[in-house]
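> how would this look folded up:
(2 chains)
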There are 2 protein chains.
Amino acid sequence: MSSSEIDALIEMMAKLPGLGPRSARRAVLHLIRKRALLLTPLADAMQEVAVTARECLNCGNVGTSDICDICNSEKRATGVLCVVEDVSDLWAMERAEVFDGRYHVLGGTLSALDGVGPEDLSIPRLIDRVTSEGITEVILALNATVDGQTTAHYIADQLEDQVTLTSLAQGVPVGGELDYLDEGTISAALSARKTL
Amino acid sequence: MSSSEIDALIEMMAKLPGLGPRSARRAVLHLIRKRALLLTPLADAMQEVAVTARECLNCGNVGTSDICDICNSEKRATGVLCVVEDVSDLWAMERAEVFDGRYHVLGGTLSALDGVGPEDLSIPRLIDRVTSEGITEVILALNATVDGQTTAHYIADQLEDQVTLTSLAQGVPVGGELDYLDEGTISAALSARKTL
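So this is what the prediction gives:
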């Protein structure tokens, strides 16, 4: 149908999360039509990121230097670490613009089924950082899933004598309608109810 | 949050059809994790396509040579042209593997509202091709939309004395359930009913 180069590009685009064969074809046609405006700059940006992207040696964030901008920033509060499962969670926290400390990316959750133990995540480095950076509070911002909470409990066990441990509050999300919420969330929101 | 290079890449990816800011972030993280396997080859493939992609001078298909593989192929039936709105429609026809003639891509539909006239589409070239390639049948495979059908009527008016004009049959799609079909489709399927 089209040429083999274009077919190869479609096939690769279809491997991206969120794109299937049909949307990959649409995306590639769009790119070819916006060649100067989008395709060439996108190819250059990818090449650039392929060469420069690396994990922060300290926190596990993805950036373009060995120590990421957040770890390097002097404006960040010291003494408090926010532990997240994944880089995407760190980015989500940063978009909320409410936390001014530093992060620690675990790179996953403990999972007996998948054979993921503490040494497969960056838990040992977290424990090191707590000591070496003089951390007084660790915020466990892990996902509210079984694996996330198991991991939170494990980390809490390791650190409970050294730091204050906190976790994100559970409750009704902003804009949430009770009718559409699961029972677990309603139950958590009720037991954590606040006096007005 | 991340570096400016990564942010720039996310922003460009979010411009692709079918991707928004959230899925662009997911895609970019995925790409960074699969750097050697996906990010670098994808950047190379984009660069390659950015340099080589072009429209077939004859039919308007997108390929990597001045005359596309379909127009160049000697296996293709001569004498019959399939007229489609867009390159994606041509690719869809090719995936069905049921048409062995050549194509003509209009590049859109006539639209009085948007000021698209026959000279903005490749209708003049279509009329030329009918004469120069000795076409005897023109299949109007335009979308079953108002604009598509207006365009089909216009082309039929231009060519009715020279060639046999046909259009795709309308009816119940394969696997379609009557309960989920619109009244127009059911009505078209009923009036085009066949004796068993």
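> Same question for A:Arg95, what's its three-state structure.
Under the three-state scheme (DSSP: H, G, I helix; E, B strand; the rest coil), the conformation of A:Arg95 reads as helix.
> which residues does A:Ala50 contact?
Residues in contact with A:Ala50, defined by CB atoms under 8 Å, 6 or more residues apart in numbering or on different chains, are B:35, B:39-40, B:43. Where C-beta positions appear, they are placed from N, C-alpha and C, glycine not excepted.
> Pick out the most distant pair among those.
B:Arg35 and B:Ala43 (10.0 Å; CB to CB).
> Which one's more surrounded, the two?
It is B:Ala43, of B:Arg35 and B:Ala43, that has more neighbours when counted by other CB atoms under 10 Å in any protein chain shown, with 22 against 16.
> Which strand or helix spans that one?
Counting by DSSP states H and E, the secondary-structure element that holds B:Ala43 is helix B:40-52.
> what about the first helix or strand past that helix going along the chain and chain A, touching?
Beyond helix B:40-52 on the C-terminal side, the first helix or strand identified by DSSP H and E is strand B:54-55. No. Under the criterion of CB under 8 Å from any CB of the partner chain, strand B:54-55 makes no contact with chain A; the nearest approach is 8.9 Å.
> and strand B:54-55, what does it pack onto?
Strand B:54-55 makes packing contacts with strand B:62-63 when contacts are defined by 3 or more CB pairs under 8 Å, 6 or more residues apart in numbering or on different chains; DSSP states H and E.
> Please repeat the previous calculation with a cut-off of 10 Å.
When contacts are defined as 3 or more CB pairs under 10 Å, 6 or more residues apart in numbering or on different chains; DSSP states H and E, strand B:54-55 packs onto helix A:21-33, strand B:62-63.
> Please name whichever of the ones you listed is nearest to B:Lys194.
B:Lys194 lies closest to helix A:21-33 among those, at 30.5 Å (CB to CB).
> which strands and helices sit next to the closest one?
helix A:4-13, helix A:40-52, helix B:40-52, strand B:54-55, strand B:62-63, helix B:87-96.
> mind exporting the first one as CSV, just the C-alpha atoms?
What follows is the C-alpha trace of helix A:4-13 in CSV, where atoms were taken according to Å, rounded to 0.1, in the frame of the first residue of the first chain:
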residue,chain,number,x,y,z
SER,A,4,8.2,0.0,3.4
GLU,A,5,9.7,3.0,5.2
ILE,A,6,6.2,4.4,6.0
ASP,A,7,5.0,0.9,7.0
ALA,A,8,7.9,0.5,9.3
LEU,A,9,7.2,3.9,11.0
ILE,A,10,3.5,2.9,11.4
GLU,A,11,4.5,-0.4,12.9
MET,A,12,6.8,1.3,15.5
MET,A,13,4.2,4.0,16.3
